[in-house]
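Student: Please find the sequence and the predicted model below.
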Amino acid sequence: MSDRRRLTRRHALGLTAGLGLGSLAPSFALPAAASSSASSFTAASSAYPKGQRPRLLSVLAEDSLSPAERTLATTLQGLLARRGNETLYLNIPSLGYQIWLDDLVSRYGVHARPGDLWKTVSRSRVGGYVLFRTGTPSVNVATTLAGLTGAVAVEESLEALAIRHGLRKVLDVRDKDDRWVLDNYWTRLRHDVAIEQSGDWPERLRDYVTMAGTLAFFDGNSAFRAEVVDALDDDATVIGWGDAADGEDKFIGPNSDAGVKAIPADHARNLSVLSGITEDRLSQRGGGGGRALEPDPNAHYVTFLITDGDNIQWMLGDFPTDQRWFGSPQRGKVDLGWGISPSLIDLAPSVMRWYYDQSVKDRWVVGPSGGGYMYPSRYPSAALERHTASLANSMERADLSAVQIIDFDSFQDKRLWSSYLKHRQIDGLIYLEYSRYDGHKGEVVWSEGKPVISARTMLWDGLDGADEASVTAELNSAVRNPRSTAGYSVVLWHAWSKSVDNVMTVVNGLAPHVKVIPPDTLVKMVGQYAKP
């Protein structure tokens, strides 16, 4: 079965990669960019809170900092990102973060210099700290309250050093948890975005929590978690990742029931900095522009599309450098389909632009299931309408025209797909049955005169019929008729068990009549030539 529980995204990425604020708290109001209602954003502005454009980055090697220093650094980074002058950047040269740093310097004119954490603390004019204890929920409490108080989060082992650098204790939360924050401060936090992050990670995502003024929480798949999700706005976003020990559906399902989407990002760094760049629109450059081709009547058309394109931590981390994926020396030899989160147009537009600029025979489609990972059939109708309207706007800005969907037993629900396909920006959908992805074997249904195309087959290690030889044989024997939906195949290749090399093994075994095309081209051709 193609259940993504076989290797959760967290595991896969982990392998690579009694006091109230009272009078002690400085008065602090969320900036306009971090207001608590998503309705404050117009169609022309960001769908997510953004940092201010950075001018100077003090660069710290992440591995030079202790875990406690990383939490201090990232909460300081988030506060400084609100100002837009000097801020911090945590670098991991072996991952994509060196690329994004170099790009900020060369393309956007940002200055960078070696950083010193405690000197930056002294220059920052941040006067206070929130005290927490490692190994307790208080790390999330301190991260959240850093955003509300304008203080940094300091682990108890660093308290004496913090005091020597002129910081004053604003709050001691060592015995506090997420419930305490929700009960006491929910009205002061954003309701359109929350961050789901384990306390095991001292630095990841914490800069964005503090910059944006969001709740940071983690409590497994508990009743408390359900309460948090239920309290969020319609079509709000949970950035991070939940407890997938028993399958990601255990939290994506309740999210969906509440009208909330998820963006996998629990290993992401520097979002407060990367979001400070603004790109109103971007254009894809690779793969012949994604246009429909003049059909060859004797051809079968196929596209190869990677899974897990909603995963922005992967896009920021080792995706651009690892030879299994975008770093493959084979890339550029054949048309390849990649998924991408449209949220990057706001959360990391320089990164999205870099991918587009580096594309050769590469085309991008929206990862599951649109603006974030959710199951559309379980989304309340009002939230889904809001979701698809926002998605269509982001797709237009990011030059995207097709959307991957993951859902359960919903392929035939044409009314459901109308919520997406009534928008002119969306040419079609690529449907993946949750388990297994190719359960509908290339069948196509139509809604709003546009196609919903199911995966015909997969490349996925250990699954029957999903090896290279089986996929090659299936494609070579497939129908040759571009005027029929049977004349087209979507092949999903599993990001964690297959690579570009595996795709090329199939491509090199294809008969001459099997034509490889980009995924958005295939969607356009099905819509133009294979209508019933």
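Tutor: Received, thanks.
Student: contacts, neighbours, all on C-alpha from now
Tutor: Noted.
Student: Now stretch 477-488: buried residues?
Tutor: Ala478, Val479, Arg480, Asn481, Pro482, Arg483, Thr485, Ala486, Gly487, Tyr488 (16 or more other C-alpha atoms under 10 Å).
Student: Find the residue closest to the last one in space, skipping its chain neighbours.
Tutor: Leaving aside its sequence neighbours, Tyr488 sits nearest to Tyr301 (C-alpha to C-alpha, 6 or more residues apart in numbering; 4.8 Å).
Student: repeat for the second one
Tutor: Nearest residue to Val479, sequence neighbours excluded (C-alpha to C-alpha, 6+ apart): Gly487, at 5.1 Å.
Student: got a list of what the one you found touches?
Tutor: By C-alpha atoms under 8 Å, 6 or more residues apart in numbering, the contact set of Gly487 is Ala299, His300, Tyr301, Ala478, Val479, Arg480, Asn481.
Student: got the buried residues of stretch 477-488 as CSV, with secondary structure and pLDDT columns?
Tutor: Output for the buried residues of stretch 477-488, formatted as CSV (DSSP: H, G, I helix; E, B strand; the rest coil; pLDDT from 0 to 100):
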residue, secondary structure, pLDDT
Ala478, coil, 98
Val479, coil, 98
Arg480, coil, 98
Asn481, coil, 98
Pro482, coil, 98
Arg483, coil, 98
Thr485, helix, 99
Ala486, helix, 99
Gly487, helix, 99
Tyr488, strand, 99
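Student: Who are the contact partners of the residue lying closest to Asp235 once chain neighbours are set aside?
Tutor: Once flanking residues are discounted, Asp235 sits nearest to Val260: 4.8 Å by C-alpha to C-alpha, 6+ apart. Applying C-alpha under 8 Å, 6+ apart to Val260 gives the contacts Val229, Leu232, Asp233, Asp234, Asp235, Ala236, Thr237, Val238, Met374, Tyr379.
Student: isn't the fourth one right up against Lys261?
Tutor: Looking back up the chat, that one is Asp234. No. Applying C-alpha atoms under 8 Å as the test, Asp234 and Lys261 come out as separate, 9.5 Å apart.
Student: The two - which one has more neighbours?
Tutor: Taking neighbours as other C-alpha atoms under 10 Å, Asp234 and Lys261 compare with Lys261 leading, 31 against 23.
Student: quick one: secondary structure of the more buried one?
Tutor: The three-state assignment at Lys261 reads strand, by DSSP: H, G, I helix; E, B strand; the rest coil.
Student: For the stretch 401-532 of the chain, just list every one of the strands.
Tutor: Per DSSP state E, counting those that start in this stretch, the stretch 401-532 of the chain has strands spanning 402-407, 428-433, 444-447, 450-454, 457-459, 488-493, 514-516. These are given in chain order.
Student: Tell me which of those lies nearest to Val507.
Tutor: Closest to Val507 of the strands of the stretch 401-532 of the chain is strand 514-516 (C-alpha to C-alpha; 7.9 Å).
Student: could you measure Ala142 against Glu86, distance?
Tutor: Going from Ala142 to Glu86 by C-alpha to C-alpha, to the nearest Å gives 23 Å.
Student: oh, I was asking about Trp460
Tutor: 45 Å.
Student: try Val516
Tutor: 47 Å.
Student: circling back to that earlier point, looking at the contacts of Gly487, which is nearest Glu69?
Tutor: Tyr301 (53.1 Å).
Student: Just say helix, strand or coil for that closest one.
Tutor: Of the three states, Tyr301 takes strand under three-state DSSP.
Student: Repeat that for the one 4 residues further on.
Tutor: Using three-state DSSP, the three-state assignment for Leu305 comes out as strand.
Student: Am I right that it is in contact with Lys498?
Tutor: No. Leu305 is not in contact with Lys498 according to C-alpha under 8 Å; the separation is 11.5 Å.
Student: out of these two, which sits in the busier spot?
Tutor: Using other C-alpha under 10 Å, the more surrounded residue of Leu305 and Lys498 is Leu305, with 29 against 18.
Student: which residues touch the more buried one?
Tutor: Shown in contact with Leu305 (C-alpha under 8 Å, 6+ apart): Leu336, Gly337, Trp338, Gly339, Val490, Val491, Leu492, Trp493, Pro519.
Student: So which of the residues you listed wins on neighbours?
Tutor: Top of these by neighbour number is Pro519, holding 31 neighbours under the definition other C-alpha under 10 Å.
Student: my guess is that residue contacts Gly337, does it?
Tutor: Yes. Counting by C-alpha under 8 Å, Gly337 is a contact partner of Pro519 at 5.6 Å.
Student: Return every residue with contacts to both of these two.
Tutor: The contact sets of Pro519 and Gly337 overlap at Thr303, Phe304, Leu305, Arg363, Trp364, Val365 (C-alpha under 8 Å, 6+ apart).
Student: Nearest to Gly286 among those residues?
Tutor: Comparing the shared contacts of Pro519 and Gly337 against Gly286 with C-alpha to C-alpha places Arg363 closest, at 6.0 Å.
Student: which residue packs closest to that closest one, ignoring adjacent ones?
Tutor: Leaving aside its sequence neighbours, Arg363 sits nearest to Gly337 (C-alpha to C-alpha, 6+ apart; 5.2 Å).
Student: Surely the one you found touches Ile306?
Tutor: Yes. Taking contacts as C-alpha under 8 Å, Gly337 lies within contact range of Ile306: 6.4 Å.
Student: Now do the contacts for Asn476.
Tutor: Leu510, Ala511, Val514 are the contacts of Asn476 under C-alpha under 8 Å, 6+ apart.
Student: Buried members of these into PyMOL, please.
Tutor: In PyMOL syntax, the buried subset of those is picked out as below (16+ other C-alpha under 10 Å):
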select buried, resi 510+514
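Student: Make JSON lines out of the contacts of Asn476 and add distance to Ser350 and pLDDT.
Tutor: JSON lines is the format used below for the contacts of Asn476 (distance: C-alpha to C-alpha, whole Å; pLDDT from 0 to 100):
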{"residue": "Leu510", "distance to Ser350": "37", "pLDDT": "99"}
{"residue": "Ala511", "distance to Ser350": "40", "pLDDT": "99"}
{"residue": "Val514", "distance to Ser350": "36", "pLDDT": "99"}
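Student: List just the nearest of the contacts of Asn476 to Glu385.
Tutor: The closest of these, once distances to Glu385 are taken by C-alpha to C-alpha, is Val514, at 38.3 Å.
Student: which residues does that closest one bridge with?
Tutor: Beta-bridge partners for Val514, by DSSP bridges, are His300.
Student: hmm, back to that, the more surrounded of Ala142 and Glu86?
Tutor: Ala142 (35 against 20).
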